[in-house]
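> Give me a 3D structure for the following:
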Amino acid sequence: METRIDYNNPDKKLRNRKLIGMSVMEDLEYKPKTNSWENGRIYDAQTGKKWNAAASLVSAGKLKVTGYWHFKFIGRSMIFNRVSS
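Alright, predicted model coming up:
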């Protein structure tokens, strides 16, 4: 089985760490008025760059995460589904 590592990280000391289990989001602040998390950062392992990030629950068990540069409307969003154990 191939293990994916963080080979695009700009910090050469971190290029051997495994991607699975790695924290990719940081500094999100919950905003009760909009019921969302804002002003965070997300790490893109494919490019080795960090982008601005926001997240919100779109329905039960579904989290929408948006990575963007300055403006959310030109960013890219992904929906994550909660996995039951």
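
> Pick out the residue closest to the middle of the chain.
The chain has I42 as the residue nearest its centroid, 3.9 Å off, counting by Cα atoms, centre = their mean.

> just checking, V65 touches N81?
No: if you go by Cβ atoms under 8 Å, V65 and N81 don't touch, sitting 11.9 Å apart. Where C-beta positions appear, they are placed from N, C-alpha and C, glycine not excepted.

> of those two, who's got more company?
The neighbour count for V65 versus N81, taken as other Cβ atoms under 10 Å, is higher for V65 (20 against 9).

> quick one: that one and I20, what's the gap?
18 Å (Cβ to Cβ, to the nearest Å).

> do the same with E38
E38 is 27 Å from I20, where distance means Cβ to Cβ.

> higher neighbour count, those two?
More neighbours surround E38 than the other of E38 and I20, with 17 against 7 (other Cβ under 10 Å).

> partners of that one in the sheet?
Assessed by DSSP bridges, E38 has beta-bridge partners E29.

> just checking, it touches N52?
No: contact criterion Cβ under 8 Å: E38 and N52 do not qualify, at 9.2 Å.

> got any residues that touch both of the two?
Contact criterion Cβ atoms under 8 Å, 6 or more residues apart in numbering; residues shared by E38 and N52: none found.

> Give the next helix or strand downstream of the longest strand anywhere in the chain.
Longest strand in the chain, counting residues (DSSP state E): strand 49-59. Next in sequence after strand 49-59, counting helices and strands by DSSP states H and E, comes strand 62-68.

> Hey, what's the angle from that following strand to strand 49-59? Just curious.
Interaxial angle of strand 62-68 relative to strand 49-59 (axes from the mean of the first three to the mean of the last three Cα atoms, to 10 degrees): 150 degrees.

> That'll do, ta.
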